[in-house]
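Asker: Quick one, fold the following:
(chains A and B)
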Number of protein chains: 2
Amino acid sequence: MTYNVLLHGATGETGREILDGLIEDGSFTIAALVRPQSVEKPATKALEKRSVKILVGDLANQTVDEIAALLDGYETVISAVAAGAQLDQLKLVDAAAKAGTKRFVPCGFTTISPPGGVMSLLRGDKEQVHERIWYHHLPYTIIDTGYWYQISFPRLPSGKVDYAMLGDHNTFVGNGDAPNLLIDKRDIGRLTARIIKDTRTLNKRVFLHAEVLTQDDIWAIIQGKSGEKVETKHASHDELVAKMHAARANLEANPSDTMARVAVWTAEYDVSKYVQRDNTPENARYLGYLDTKELYPDFRPITFTAFIDELLADKARKLYQDQFEFLHK
Amino acid sequence: MTYNVLLHGATGETGREILDGLIEDGSFTIAALVRPQSVEKPATKALEKRSVKILVGDLANQTVDEIAALLDGYETVISAVAAGAQLDQLKLVDAAAKAGTKRFVPCGFTTISPPGGVMSLLRGDKEQVHERIWYHHLPYTIIDTGYWYQISFPRLPSGKVDYAMLGDHNTFVGNGDAPNLLIDKRDIGRLTARIIKDTRTLNKRVFLHAEVLTQDDIWAIIQGKSGEKVETKHASHDELVAKMHAARANLEANPSDTMARVAVWTAEYDVSKYVQRDNTPENARYLGYLDTKELYPDFRPITFTAFIDELLADKARKLYQDQFEFLHK
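Answerer: Presented below is the predicted three-dimensional model:
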């Protein structure tokens, strides 16, 4: 059986992994929804070379009916948009409802945290999209993931892993004992391909992860593998919470400042992961998520140690080469 | 095994049914959380005569720690507060988290509708309480119910059922073909007693209903049983939506006007039930609810026709004898 899938955001950091996973799986006919101004970009041209059909659509300027006409014939629509562009999906949801999409996968693909919790900005935006889905009774699957390995390792004193570093991850929170769901971002696409063919996941939240590690675990692995001692900073729970409140106040004072927005995302992630301990298998199950480890016990995810081996062998890839890509797709 | 249950709102329209259900079940030791100003009321005295322990607590003026001390020792806390008092539960949730409550049952007990949907006021308040529960990772069960038989029948020209009428239910919406979950409110307590002893319902939403009926079905039943022809008014979907927007605008202009608040609840219920068709078994399952018909196949709910027989035999009870009880418990 072949499934017609439309992917929105195919060239983004998550979208590229989903595209790879769908192509690797082999059971999908894939189209990408691309903005008019992106049609001539090399990244779009590269999609065409991989037999991805390009559908030109403009969520900002076209009507719901026009977008719905584009979606017609695709059973599944997957959206993987930039963190700052979540609410662009509202019109896409309206269009999918009109087109009779059989399964809409909104841009989840983030850590586990509850609606209305400390992840007020990113989770808050995503939940607004979910609410629009539910308003229409649109069939859906929400997929959330562990935090990426690729942004979960500390810098080494030698500078050896600087080539793949994004952000500062040398701050040890409290006792470093908060467990967190983690995953190699390349496995997100592979698991997504399975999820969207699976009737058990329809109208469900699903979480995917490879490992549950504390910062203490991560330090031990990278120090053991590299033979170097991580230069560690420390932060208390109270300091993280204070930083989060300051970041929110700053964004409120400067609502169009993109770096202020990034600071809120980062600070809220930290509080959610380390203070609230939201990003755990127990909390995912508590919040009603299905677990891909139970759904697909044969799936062998990339381990964190395997990733660290790659990283130390200079084979990792730095994310977000276009540094503003994650703000506005 | 005996379960210690604390019931908040035991004398309200839903709370009284829950209390009856718990007592009838026989496996519970029951306490009621009562405000200081209600201790001497006849309704409270009546609780004591039924072996319900009275715990005096004041959510408005006591601290979280003080409330938590009251909750200590009760595995299950059930909250059934007035429609206008939903947010009073926020402190109760904080206290339950502190006390280590094993199962918190917030005041759901309303029709199925999605978070963020048209039931912005009542469902919105309830979802705020859910978010507080999830913030604390507090074990919970959300119980929602069909619309009550007791407020689902039209007036008859003879005036025969006026003695038990609450509100105007003679308006036929569209073609009268929207299916709705319905239940006799007396069954809510019986099913709640089962749900809170059931490990399958922990950290889940559960819906309970007896029947799924359209207005067309209801008219046919009451006309067939009474031999009278219902005097029917008609409203279109557009009229209901317009009425809802007008009610919201009026409440916004008069935020402390309790009748303006009631008008929004009523108008939002109508749009949710008849235009959005939110209150159906399919939508409940779509939103992740478990179905008591599947959980407890042996349970025989009171049928709508049995209720109509009672009603026509002058044996029904008018709800909300204290007319402001449903606004402020």
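Asker: gap between residue A:101 and chain B?
Answerer: Plainly put, residue A:101 is 14 Å away from chain B if you go by Cβ to the nearest Cβ, to the nearest Å. Glycine gets a C-beta too; all of them are placed from N, C-alpha and C.
Asker: Please enumerate the strands of the stretch 51-200 of chain A.
Answerer: Under the criterion DSSP state E, counting those that start in this stretch, the stretch 51-200 of chain A carries strands at the ranges A:53-56, A:76-79, A:103-105, A:141-145, A:147-148, A:171-173, A:180-183.
Asker: quick one: buried residues of the first one?
Answerer: Of the residues in strand A:53-56, those buried by neighbour count under the rule 16 or more other Cβ atoms under 10 Å in any protein chain shown are A:54-55.
Asker: One more: stretch A:87-102?
Answerer: In stretch A:87-102, counting by 16+ other Cβ under 10 Å, buried: A:88-99, A:101-102.
Asker: can you check stretch A:273-280 too?
Answerer: So stretch A:273-280, judged by 16+ other Cβ under 10 Å, has buried residues A:273-276, A:278-280.
Asker: so can I have a markdown table of the strands of the stretch 51-200 of chain A showing distance to residue B:251 and mean pLDDT?
Answerer: Below are the strands of the stretch 51-200 of chain A laid out as a markdown table (distance: least, Cβ to Cβ, whole Å; pLDDT from 0 to 100):
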| stretch | distance to residue B:251 | mean pLDDT |
| --- | --- | --- |
| strand A:53-56 | 43 | 97 |
| strand A:76-79 | 35 | 98 |
| strand A:103-105 | 33 | 98 |
| strand A:141-145 | 32 | 98 |
| strand A:147-148 | 42 | 97 |
| strand A:171-173 | 44 | 97 |
| strand A:180-183 | 42 | 98 |
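Asker: Quick one: closest of the ones you listed to chain B.
Answerer: Go through those one by one with Cβ to the nearest Cβ and the one that ends up closest to chain B is strand A:141-145, at 10.7 Å.
Asker: Are the closest one and chain B in contact anywhere?
Answerer: No: where contact is defined by Cβ under 8 Å from any Cβ of the partner chain, no part of strand A:141-145 touches chain B; the two come within 10.7 Å at best.
Asker: Distance check, residue A:98 against residue A:64.
Answerer: Counting by Cβ to Cβ, to the nearest Å, the separation of residue A:98 from residue A:64 is 6 Å.
Asker: who in chain A is up against chain B?
Answerer: A:114-118, A:127-128, A:130-132, A:134-135, A:137, A:139, A:203-204, A:276-277, A:283, A:285-288.
Asker: Buried ones among those residues?
Answerer: For those, buried by 16+ other Cβ under 10 Å: A:114-118, A:127-128, A:130-132, A:134-135, A:137, A:139, A:203-204, A:276, A:283, A:286-287.
Asker: Measure how buried the residue lying closest to residue A:24 once chain neighbours are set aside is and give me the count.
Answerer: Distances taken as Cβ to Cβ, 6 or more residues apart in numbering or on different chains put residue A:190 closest to residue A:24, at 6.6 Å, once the chain neighbours are dropped. For residue A:190, the tally of surrounding residues (other Cβ atoms under 10 Å in any protein chain shown) stands at 24.
Asker: which residues touch residue A:67?
Answerer: Shown in contact with residue A:67 (Cβ atoms under 8 Å, 6 or more residues apart in numbering or on different chains): A:57, A:59, A:91-92, A:94-95.
Asker: Pull the most distant pair out of the residues you listed.
Answerer: Greatest spacing in the contacts of residue A:67, by Cβ to Cβ: A:57 and A:94 (13.2 Å).
Asker: Can you give me the neighbour number for the spatially closest residue to residue A:195 that is not a sequence neighbour?
Answerer: Leaving aside its sequence neighbours, residue A:195 sits nearest to residue A:201 (Cβ to Cβ, 6+ apart; 4.9 Å). Per other Cβ under 10 Å, the neighbour tally for residue A:201 reads 21.
Asker: Same question for residue A:179.
Answerer: Other residues within reach of residue A:179, judged by other Cβ under 10 Å, total 19.
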